[in-house]
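> Fold the stuff below for me.
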Amino acid sequence: MKKNIGMRNIKTASAVILCIVLTRVFAFIGNNGNLGFFEPLYTFLFVRSTPLYSCIAALVAVGNTVKDSCKTGLARISGTFVGGAFAVFHIWLNQLILNEFFYYATVFIFIVAIIYLSSALSHKEITATSGMIFLIIIFSIQDEPPFIYAVHRV
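Here you go, the predicted model:
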């Protein structure tokens with residue numbers, strides 16, 4: 001079976017490389033630039049140690065047409081914000097009630113809520129992204145304060 005490499009393949013690979021390059025450029029500017037007053041905000045918003053999440057978003061969002069890519073990209077952005085908001089609330093709630101059973105019960109409840117919300121708002125295309133972002137944030141939180149970590153992931 002002989003198949004040519006198509007434009008979608010090239011666009012997707014280009015988007016991944018662009019994510020990697022931009023992550024490195026932002027990190028370089030953050031580490032070497034004199035941003036003055038804006039440095040804390042710049043560091044908070046743009047400096048990442050890894051381009052992993054943006055590369056995954058690029059793999060998911062690139063479509064056959066620009067219209068398809070924009071539609072998928074907007075759904076991904078919306079889903080990311082929804083998942084991030086649920087994760088911040090979940091982390092906050094579980095810091096108040098330190099109980100392992102409560103933790104897992106709220107994971108179940110929040111996944112149900114994410115699926116219900118996206119369905120009720122007729123935005124089923126954000127369901128998977130919202131759920132993934134929610135789980136990524138709650139299961140990979142590091143030493144940063146939960147809200148800061150969630151914002152970085154979003």
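
> which residues touch stretch 103-122?
With contact meaning CB atoms under 8 Å, 6 or more residues apart in numbering, stretch 103-122 is reached by 79, 82-83, 86, 89-90, 93-94, 124-127, 130-131, 134-135, 138. C-beta coordinates here come from the backbone N, C-alpha and C atoms, glycine included.

> same thing but 6 Å
The set of residues external to stretch 103-122 that reach it, using CB atoms under 6 Å, 6 or more residues apart in numbering, is 86, 90, 94, 124, 126-127, 130-131.

> Of those residues, which pair is most distant in space?
Based on CB to CB, the longest span within those runs between Asn94 and Lys124 and measures 27.5 Å.

> can you pick the most crowded of the contacts of stretch 103-122?
Ser130 (29 neighbours; other CB atoms under 10 Å).

> in what helix or strand does it lie?
helix 127-140 (DSSP states H and E).

> The residue lying closest to Ile20 once chain neighbours are set aside: neighbour count?
Distances taken as CB to CB, 6 or more residues apart in numbering put Pro51 closest to Ile20, at 4.6 Å, once the chain neighbours are dropped. Pro51: 20 surrounding residues under other CB under 10 Å.

> go on, Leu98?
8.

> Distance-wise, check it relative to Ser14.
Relative to Ser14, Leu98 is positioned 46 Å away (CB to CB, to the nearest Å).

> swap in Ala61?
13 Å.

> Neighbour count: the two, which is higher?
The residue with more neighbours, out of Ala61 and Ser14, is Ala61; 20 against 12, by other CB under 10 Å.

> so what pLDDT did the more buried one get?
At Ala61, the model reports a pLDDT of 85.

> So it sits against Lys71, correct?
No: contact criterion CB atoms under 6 Å: Ala61 and Lys71 do not qualify, at 9.2 Å.

> Just the buried positions in the one helix or strand His90 maps to, please.
Here His90, judged by DSSP H and E, is contained in helix 66-96. Buried residues in helix 66-96, counted by 16 or more other CB atoms under 10 Å: 69, 72-73, 75-76, 78-80, 82-91, 94.

> Alpha carbons of the helix or strand just after that helix, as CSV, please.
Of the helices and strands lying after helix 66-96 in sequence (DSSP H and E), the nearest is helix 100-120. The C-alpha trace of helix 100-120 is given here as CSV (Å, rounded to 0.1, in the frame of the first residue of the first chain):
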residue,chain,number,x,y,z
GLU,A,100,-9.3,9.6,50.9
PHE,A,101,-12.8,8.3,50.4
PHE,A,102,-14.1,11.9,49.9
TYR,A,103,-11.3,12.5,47.4
TYR,A,104,-12.3,9.6,45.2
ALA,A,105,-16.0,10.3,45.6
THR,A,106,-15.5,13.8,44.5
VAL,A,107,-13.5,12.7,41.4
PHE,A,108,-16.5,10.6,40.4
ILE,A,109,-19.0,13.4,41.1
PHE,A,110,-16.9,16.0,39.2
ILE,A,111,-16.5,13.7,36.2
VAL,A,112,-20.3,13.3,36.1
ALA,A,113,-20.7,17.0,36.5
ILE,A,114,-18.3,17.8,33.6
ILE,A,115,-20.1,15.4,31.3
TYR,A,116,-23.5,16.7,32.3
LEU,A,117,-22.5,20.3,31.9
SER,A,118,-21.0,19.9,28.5
SER,A,119,-24.1,17.9,27.4
ALA,A,120,-26.5,20.4,28.9
